[in-house]
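1. dropping a prediction and its sequence here:
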Amino acid sequence: MPFRVTNRTRQAVLGDRIEEARSLGDRLVGLMGRRTLPFGEGLHIVPCNSIHTFFMRLPIDVAFLDAERRIVKLMAALPPWRATSIYFRAKSVLELPAGVFAGSGTMEGDELVFEELR
């Protein structure tokens, strides 16, 4: 079931077709193999506190979120073939098209809201 993700701090919608990856298989595959990631789409990986962009074809914006869905680490336009550090405070990761954070003014410390769409 997709989600709408809003940055409550900046009053900005970050995506309205965000999928969730909770199973081991879904979390391992993530966004690998996708040729495009249109604005509005993305992936929320739960649980997660580090990622890689091996085998990816496009840069992505990445937000590491704590249990209250506050951004503890933000990476804008993370290129393919990278691995992040482990962020021990992070409980999940939000992956979005590159440019979403810059366009919305999203910063570390911002609070995100997830609304399930039916």
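-> Received it, and whenever you're ready, just let me know what you need. Numbering: from 1, shown residues only.

2. and the strands in this protein?
-> Using DSSP state E, the strands of the chain run over 3-7, 12-21, 41-45, 60-65, 71-78, 92-97, 112-116.

3. OK, contacts around the residue nearest to the spatial centre of the chain?
-> Nearest residue to the geometric centre of the chain (Cα atoms, centre = their mean): residue 94, 1.7 Å. When contacts are counted by Cβ atoms under 8 Å, 6 or more residues apart in numbering, residue 94 touches 5, 14, 18, 42, 43, 44, 45, 62, 63, 65, 112. (C-beta placed from N, C-alpha, C; glycine too.)

4. residue contacts, the nearest residue to the last one once chain neighbours are set aside?
-> Just to be clear, that refers to residue 112. Take residue 112 and drop its neighbours on the chain: the residue closest to it by Cβ to Cβ, 6 or more residues apart in numbering is residue 69, 4.6 Å away. For residue 69, the contact set (Cβ under 8 Å, 6+ apart) comprises 92, 111, 112, 113, 114.

5. same thing but 10 Å
-> With contact set as Cβ atoms under 10 Å, 6 or more residues apart in numbering, residue 69 has these partners: 5, 8, 44, 63, 91, 92, 94, 110, 111, 112, 113, 114.

6. ok, the contacts of residue 94 vs residue 32, which is closest?
-> Comparing those against residue 32 with Cβ to Cβ places residue 43 closest, at 10.5 Å.
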